[in-house]
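Predicted model and sequence follow; I will ask about them next.
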Amino acid sequence: MSAPVVDLSDPDSYATGVPYDHFRYLRANDPVSWHPEPGGRGFWAVTRYHDVIAVLRAPTVFSSWRGGTLLADPPAEFLEKLRENMLNRDPPDHSVMRKLVNKAFHPRRIAQIEDRIAAHARVLVERVRDRGECDFATEVAGEMPLYVICEILGVPLEDRRHLYALTERMFGTEIADRAAALRDGMDAANTLRAYGAELGRKRAAAPSDDLISELLAAEVDGRRLTDGEFQAFFMLLFNAGADTTRSLLCYGMDLLLDRPALIERLRAEPAALPRAIEEMLRFETPVIQFRRTANQDTTLGERRIREGDKVVVFFPSANRDEAVFDDPDRFDPDRTPNDHISFGYGTHFCLGAPLARMESKHVFGEVLATLRGLERGGPLVASRTNFIRSARQLRVRFRAR
């Protein structure tokens, strides 16, 4: 049997959903497979769970810094800016930055905002309740994480839409030409960094009770974030906080709309919701891929990887690996254990994972408690992306409780 032809670097390959059949084929026949890349050098696609973990837990062998974490090779000057971002660092630099950020992004701050998250979830659902329909993607799923990350960062209300538009340009694009799309994404990133720089200057002059002020003051062994590192971290927090949670909420709701019996059960058993959210994360993984670069000649999945090769791990494939998950193509809200890696693994495990879980718990809890007769008002319309999945539209019909 010959391999299906799927360009895993092309956003159009994900336009109608993740190509799970192709990933299944690769896991069975060519789990570490070489893929040509139009306009690029080509890359190794890593599709099995344990191989993905092997890459992510070995930053000295598979580097985030050397070529950055974007699949496409960025221009040298943009790569230097990417390297100011914790996401594109390896230990020991990454470890120092993580300590700096942990001092500001601690569990106490997350716990302090939970009441506000719960209250905002109620507000969002109440806004649409009496209309009988809404675009869940923009009016609920998009609004919730945008509100939360801006509250944490101290971003003024009037700027939030503008900043999210920049995130959309960075993670998804309607520009078919890959070089032009990369340039547009870089321009959006630079604009977002410049906004963070200006906000940082304001907080440095007049500190406030927000994460920006804490980041500016955070210090480990006399080391503080440089201006460039601060700008990069502002961009990382805003992007990750706004888009990945939106993806979880949209694709989670999409799953629920096809399962009315599960909706009724979760209404009756709210304690079962967190476990169902974990299965949403596994079954419809928000992040498609991350890239590493080999620091040395090595072997992975019986393939010889050369120094300098691009190595790309695919999370939706790993999360449906038959060797790890029983009946992986079945959505099982009671799945346990559920050792998905939707928030990454090892050094770069997502700092915002507790926040994403908290937001999702309150949004889904409020929707289930308030709205009845939930049904699809139209198909989910996905953003064009090969990186972080997002829904541009998900129309839902319902009646108030």
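All right, it came through fine.

Next one, pLDDT for residue 113 please.
If you check residue 113, the pLDDT there is 85.

Determine which residue lies closest to the centroid of the chain.
Ranked by distance to the mean C-alpha position of the chain (Cα atoms, centre = their mean), the top residue is residue 244 at 3.5 Å.

Report the buried residues of the one helix or strand that one maps to.
Element membership of residue 244, judged by DSSP states H and E, is helix 227-257. Neighbour-count burial for helix 227-257, counted by 16 or more other Cβ atoms under 10 Å, picks out 229-257. The way it works is simple: take the backbone N, C-alpha and C, and place the C-beta from them, glycine included.

and if you look at stretch 60-80?
Neighbour counts over stretch 60-80 (16+ other Cβ under 10 Å) mark 61-74, 78-79 as buried.

Pull the most distant pair out of these.
61 and 78 (24.6 Å; Cβ to Cβ).

Per-residue confidence at residue 241, what does it come out as?
69.

again, but for residue 365
97.

So it sits against residue 274, correct?
No: assessed by Cβ atoms under 8 Å, residue 365 is found out of contact with residue 274, at 9.9 Å.

These two: which is more packed in?
Between residue 365 and residue 274, residue 365 has the larger neighbour count (other Cβ atoms under 10 Å), namely 19 against 14.

Next one: that one from residue 401, what distance?
According to Cβ to Cβ, to the nearest Å, residue 365 stands 13 Å off from residue 401.

Same check on residue 350?
34 Å.

Same drill for these two, tell me which one is more crowded.
Using other Cβ under 10 Å as the criterion, residue 350 and residue 401 rank with residue 350 on top: 16 against 9.

isn't that one right next to residue 343, touching?
Yes: contact between residue 350 and residue 343 holds when scored by Cβ under 8 Å: they sit 4.0 Å apart.

What would stretch 359-374 look like as CSV? C-alpha coordinates only.
C-alpha atoms of stretch 359-374 as CSV (Å, rounded to 0.1, in the frame of the first residue of the first chain):
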residue,chain,number,x,y,z
GLU,A,359,-12.1,28.8,31.8
SER,A,360,-13.5,25.8,29.9
LYS,A,361,-15.0,24.4,33.1
HIS,A,362,-16.9,27.6,33.8
VAL,A,363,-18.0,28.3,30.2
PHE,A,364,-19.3,24.8,29.6
GLY,A,365,-20.8,24.7,33.1
GLU,A,366,-22.7,27.9,32.5
VAL,A,367,-23.9,26.9,29.0
LEU,A,368,-25.2,23.6,30.3
ALA,A,369,-26.9,25.1,33.3
THR,A,370,-28.6,28.0,31.4
LEU,A,371,-29.3,26.9,27.9
ARG,A,372,-31.7,24.0,26.8
GLY,A,373,-32.3,22.4,23.5
LEU,A,374,-28.7,23.0,22.3
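
So which residues of the stretch 1-150 of the chain form strands?
32-35, 43-46, 62-63, 133-135 (DSSP state E, counting those that start in this stretch).

Name the residues that touch the shortest one?
Read that as strand 62-63. Applying Cβ atoms under 8 Å, 6 or more residues apart in numbering, the set of residues contacting strand 62-63 from outside is 55-56, 90, 292-295, 311.

10 Å instead?
Residues from elsewhere that reach strand 62-63, judged by Cβ atoms under 10 Å, 6 or more residues apart in numbering: 46, 54-56, 69, 88-90, 291-296, 298, 300, 305, 309, 311, 313.

looking at this, residue 392 is in a strand?
Yes: applying DSSP: H, G, I helix; E, B strand; the rest coil, one finds residue 392 inside a strand.

show me what contacts it?
Counted by Cβ under 10 Å, 6+ apart, residue 392 has contacts 135, 137-138, 142, 168, 172, 250, 380-384.

one more time with 7 Å
137, 381-383 (Cβ atoms under 7 Å, 6 or more residues apart in numbering).

Same question for residue 90.
By Cβ under 7 Å, 6+ apart, residue 90 lies in contact with 59, 63-65.

Residue 296: how many residues sit nearby?
Residues near residue 296, counting by other Cβ under 10 Å: 12.

oh sorry, the question was meant for residue 358
As a measure of burial, residue 358 has 20 neighbours, counting by other Cβ under 10 Å.

I'd like to check which residues are in contact with it.
Here residue 358 is in contact with 110, 114, 117 (Cβ under 7 Å, 6+ apart).

any idea which element it lies in?
helix 353-370.

Next secondary structure element downstream of that helix?
Using DSSP H and E, the helix or strand that follows helix 353-370 in sequence is strand 371-376.

Show me which residues of that next one are buried.
371, 374.

what's the answer for stretch 187-195, then?
Those would be 188-189, 191-193, 195, for stretch 187-195 by 16+ other Cβ under 10 Å.

which regions of the protein lie under the pLDDT threshold?
For the chain, applying pLDDT under 70 flags the ranges 1-4, 103-105, 172-173, 220, 241.

can you give me the helices for the stretch 51-200 of the chain?
Using DSSP state H, counting those that start in this stretch, the helices of the stretch 51-200 of the chain run over residues 76-82, 93-104, 107-129, 136, 143-153, 160-171, 178-205.

could those go into a markdown table alongside distance to residue 36?
Converted to a markdown table, the helices of the stretch 51-200 of the chain look like this (distance: least, Cβ to Cβ, whole Å):
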| stretch | distance to residue 36 |
| --- | --- |
| helix 76-82 | 22 |
| helix 93-104 | 31 |
| helix 107-129 | 43 |
| helix 136 | 38 |
| helix 143-153 | 36 |
| helix 160-171 | 24 |
| helix 178-205 | 13 |
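
closest one to residue 326 among these?
Here helix 136 is closest among the helices of the stretch 51-200 of the chain (Cβ to Cβ), at 30.5 Å.

ok, residues contacting that closest one?
For helix 136, the external contacting residues (Cβ under 7 Å, 6+ apart) are 250, 253, 394, 396.

For the last one, the count of nearby residues, please.
Right, residue 396. 24.

partners of the strand or helix carrying it, with directions?
Element membership for residue 396 (DSSP H and E) is strand 395-400. Its sheet considered, strand 395-400 pairs with strand 133-135 (antiparallel), strand 371-376 (antiparallel) by DSSP bridges.
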